[in-house]
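Asks: Got a sequence here, can you build the structure:
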Amino acid sequence: MSSKHDEDIEDDHAAPDLEIVGDQVTLRPTGFTGGSQNQDDAITERNLIRHGGRFRENPFDFLRDVSLFVSGTGWRAYDSVIGQPIFYSGYSERIKDLILDSPLLQGKITELAVARLNVEQSEGLFGEAPNIIEEVRVQRKNEIEGNLRHVVDSMMDNMICKMESNTFIRGAYYLATQLLTRAYHQGIHVSSEEVLRLRSVAQAAADKKQSIVFLPCHKSHVDYVSLQVICYRLGIGLPIVVAGDNLNFPLVGSFLQHAGAMYIRRSFGDDQLYSTLVQTYIDVLLQQGFNFECFIEGGRSRTGKLLSPKFGILSFIVDSILSGRVSDTIICPVSTQYDKVIETESYISELLGQPKQKENLANFLSQSSVLSLKLGRVDVRFHKPWSLKEFLNQQLHHIGMSDSLGSRITLTLADRGRVLRALGYRVLSDINDVSVMMPTALVGTVLLTLRGRGVGKTELIRRVDWLCQRVRAKGGRVAHFYRAPTSLVVERALEVLGPKLVGEIHGLVEPTYYAVDRFQLSFYRNMTIHLFIPEALVSAAMYTKVKQGGGPANQTITYEALLEQVSFLSKLFRGEFIFPPEGLVANLENSLNGLEKDDVIKVTRNASGAPVTIDLSDAERQCGRENFDFYCFLIWPFIEATWLGAVSLMGLTPPLQGSFDIWIDLNKAHTSAQLLGKTLYHQGDLSYFEAVNKETLKNAYSRFAEEGIILIARSKEQRSSPTTMKLASEWTPQRDPETGSLLNCGRLWDFTERIAQSRREGKNRRDGATVSFRVLKMTDAVGRDLFQSAASSNANGFNVSSRQQRRTTIAEKASL
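Replies: Okay, here's the model as predicted:
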């Protein structure tokens, strides 16, 4: 580790760095605001990396930096790491040996070999003489097991991390730092208290030979790079990072594998050997105490908000503990936030329906070309780590199991699902708790929650101040203020967002800003939305009355009606947002109390204090409903997208002379819903272009399937067959028997109208007869094309038989 002198030679003009001297971490405090109160004096943060020397600007500093890394001076040596030894020649072979010696893997190899022997014997391949059969079986079993071990060896070579060279890691860290500080010119920032605590936990875990499992959110490829950089800089053992094998392309794939990546397939299918190998590898890593990292959301969030948890890798980790093969491991949720995410433009292309490009070196280098831009900073926050064993013991108690961990625990499929969901949402809640609101997220949120074409600078600053207060009041954190005036923070955020996202109109009384690319800007707005979901749902439910106009007396809503609509919307967005865990009624009461305290609403209560009616407050009406509208603007695009999804289902009504047993390709249904949405938007029947967001539409279709509105079928016999869907018979709308036109009645129509009650009214929308006539005509035309395509596929034998589809659908519906 470095001496004080080593650190003093750093560039005095750089932002103050984190000092690691011997075993001590020393930080110089700066300002930070967060929580329910202003905590400037209590919470500190640090810029963890600084600009390195650049050859063109100062070749001497550049060469000095390179020489420090080459020689391993001070902390750069990375030779006194908290954790298990990992950087030595032969590490990969040792891990392979531990995997191959695992009873779990050996048992699976034997099981598969015996299964194959039984098949071959049933086919008469071993002859009929009993004495010969047994001899052939033994010989054949050894042969099959040898072949399976050869397959395992090949799988391991493509899968396992190969961090064998300290020199390589030093070079990789230097390269990563250079790239990051060119893209994110204000560096990686962490909380002083959090990193001190992390080092302490890491030391305790290392003493017990336990792993820290880092579970970050996932917005960018920079996520895992920044966490590796932090662990290197703190002297903590680098985590082995789960990565999709789509990143294992020439040159880059090998580099990442030697820098910490383990590659797994995106889908395991029914490959029992591969699944067992992954489980065994994770067992070995956790048994040996190597730090581990996987993304709780699975893939990257293209929308800016947290996605629902994915349970694939979590399931393996939980099984390691429940089986008793691993005694315990430490869970550390991590939040990574950005002033600007490099990939947002490609995300928007994907969300608008363009196919995702396959990862390759050309795309990688093309994406890296933006590294010369000034994208602000990366902010990484670590939740207080906790024991997975203790969490699982609590869950076992909740589901009525008296056994505690220490020996193998077997759970039913239902109980296992409950435990995994509890774990996934606990981690997401922890990530939200430590996330910070970046200036770009604050400005983006304000710009998309104001009425009018644009906003003056004075008003923009005022609303950002208001939003900061609301974030802190909700227990959230606001990053990067350093006690600077909000005007400077806003200017800096506008500079990072750039003119492609936020435009400025010159020559006016004051600078006036407007959203140029609302779709892309919504990515930054969605970074704040999790704090205000309960208030947004209450406001959208109240809007069913407010939109009617006619004065305050006509806009009052009863508590029962409010509860009913909030309940409907909450169920509708169950897969879209992460709700507070207290439950519907408690969340509603907390939201009403908070909105009443902020003088947004007024609540009339009976003698016992129970709410009876709710209305907008006089102060809120006088200020033009700006605070009430803020909450509505947050949720309206999602309501609009779900309404669009429901409208698109109307078009899936079979034609009068058509078959009622036609199954539609689900991906084609999503694409057609997008096409319908784009048409409705440009014709004025859809208020938000971001309602055509493919991810939100997919989530809507998933909820429709859970409600039984649509049936989803996946063929198990023919893997090449697409996932298909059709309307459930009880939800299928009626057609006019003479004209064949869709009728604006029935169960699905009523469901769609229920969603529409909370939709935004505005000048860009035409309501009334238009929705029941022209919009239905439009969705019917789109649906007709889908039916023709599906009928053609059936005629050519591309689809699975309807009987086969029905069996799969019933099974899936039961599992839901």
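Asks: from here on, contacts and neighbour counts on C-alpha atoms
Replies: Noted.
Asks: Where do the strands of the stretch 601-750 of the chain begin and end?
Replies: Here the stretch 601-750 of the chain has its strands, by DSSP state E, counting those that start in this stretch, at 601-605, 611-616, 664-665, 710-713, 724-727.
Asks: Next, format those strands as JSON lines and append mean pLDDT.
Replies: Converted to JSON lines, the strands of the stretch 601-750 of the chain look like this (pLDDT from 0 to 100):
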{"stretch": "strand 601-605", "mean pLDDT": "95"}
{"stretch": "strand 611-616", "mean pLDDT": "96"}
{"stretch": "strand 664-665", "mean pLDDT": "90"}
{"stretch": "strand 710-713", "mean pLDDT": "92"}
{"stretch": "strand 724-727", "mean pLDDT": "92"}
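Asks: Mind checking those strands for the one nearest to Met155?
Replies: Met155 lies closest to strand 710-713 among the strands of the stretch 601-750 of the chain, at 31.5 Å (Cα to Cα).
Asks: hang on, the earlier thing: which one, of the strands of the stretch 601-750 of the chain, ends up nearest to Gln178?
Replies: strand 664-665 (46.3 Å).
Asks: Pull up the per-residue confidence for the residue nearest to Asp599 when sequence neighbours are not counted.
Replies: The spatially closest residue to Asp599, leaving aside those adjacent along the chain, is Ser617, at 6.1 Å (Cα to Cα, 6 or more residues apart in numbering). Looking at Ser617, its pLDDT is 95.
Asks: Of the strands of the stretch 601-750 of the chain, which is nearest Leu572?
Replies: Nearest to Leu572, of all the strands of the stretch 601-750 of the chain, is strand 710-713, at 14.5 Å by Cα to Cα.
Asks: From the contact counts, what lies against the closest one?
Replies: Judged by 3 or more Cα pairs under 8 Å, 6 or more residues apart in numbering; DSSP states H and E, strand 710-713 is in contact with helix 694-706, strand 724-727, helix 802-815.
Asks: before we move on, back to that, need the strands of the stretch 601-750 of the chain in a markdown table with mean neighbour count and distance to Ser254, can you?
Replies: Putting these into a markdown table (neighbours: other Cα atoms under 10 Å; distance: least, Cα to Cα, whole Å) gives the following:
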| stretch | mean neighbour count | distance to Ser254 |
| --- | --- | --- |
| strand 601-605 | 18 | 58 |
| strand 611-616 | 18 | 60 |
| strand 664-665 | 24 | 37 |
| strand 710-713 | 25 | 39 |
| strand 724-727 | 24 | 38 |
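Asks: so which of the ones you listed gets nearest Val151?
Replies: When the strands of the stretch 601-750 of the chain are compared (using Cα to Cα), the closest one is strand 710-713, at 32.8 Å.
Asks: May I have the strands that pair with the closest one, each with its orientation?
Replies: Paired strands of strand 710-713, with direction, are strand 724-727 (antiparallel) (DSSP bridges).
Asks: Number of residues surrounding the residue nearest to Asp599?
Replies: 19 (other Cα atoms under 10 Å).
Asks: So, low pLDDT: which residues of the chain?
Replies: Scanning the chain with the threshold set as pLDDT under 70 gives 1-77, 126-131, 354-373, 402-404, 406-407, 480-483, 658-660, 715-720, 762-772, 793-816.
Asks: Give me the residue at the spatial middle of it.
Replies: Leu307 (3.4 Å; Cα atoms, centre = their mean).
Asks: Please name every helix or strand in contact with the longest strand along the chain.
Replies: Longest strand of the chain, by residue count under DSSP state E: strand 330-338. Contact partners of strand 330-338 among helices and strands, from 3+ Cα pairs under 8 Å, 6+ apart: strand 212-216, strand 378-382, strand 386-387, helix 413-434.
Asks: Using a markdown table, please lay out these together with mean neighbour count.
Replies: Shown next, in a markdown table, are the helices and strands packed on strand 330-338 (neighbours: other Cα atoms under 10 Å):
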| stretch | mean neighbour count |
| --- | --- |
| strand 212-216 | 25 |
| strand 378-382 | 25 |
| strand 386-387 | 14 |
| helix 413-434 | 18 |
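Asks: sorry, back to before: next one: the helix or strand that comes right after the longest strand of the chain to chain centre, how far?
Replies: Toward the C-terminal end, the helix or strand that comes next after strand 330-338 (DSSP states H and E) is helix 344-351. The chain centroid and the centroid of helix 344-351 are separated by 15 Å, computed with Cα atoms, centre = their mean, to the nearest Å.
Asks: Which residues does helix 344-351 contact?
Replies: Arg302, Thr303, Lys356, Phe519, Gln520, Phe523, Val692, Asn693, Lys694, Glu695 (Cα atoms under 8 Å, 6 or more residues apart in numbering).
Asks: cool, and stretch 612-619?
Replies: Contact with stretch 612-619 is made by 542, 552, 555-560, 599-606, as judged by Cα under 8 Å, 6+ apart.
Asks: repeat that with 6 Å
Replies: Applying Cα atoms under 6 Å, 6 or more residues apart in numbering, the external contacts of stretch 612-619 come out as Thr556, Ile557, Thr558, Tyr559, Val600, Ile601, Lys602, Val603, Thr604, Arg605.
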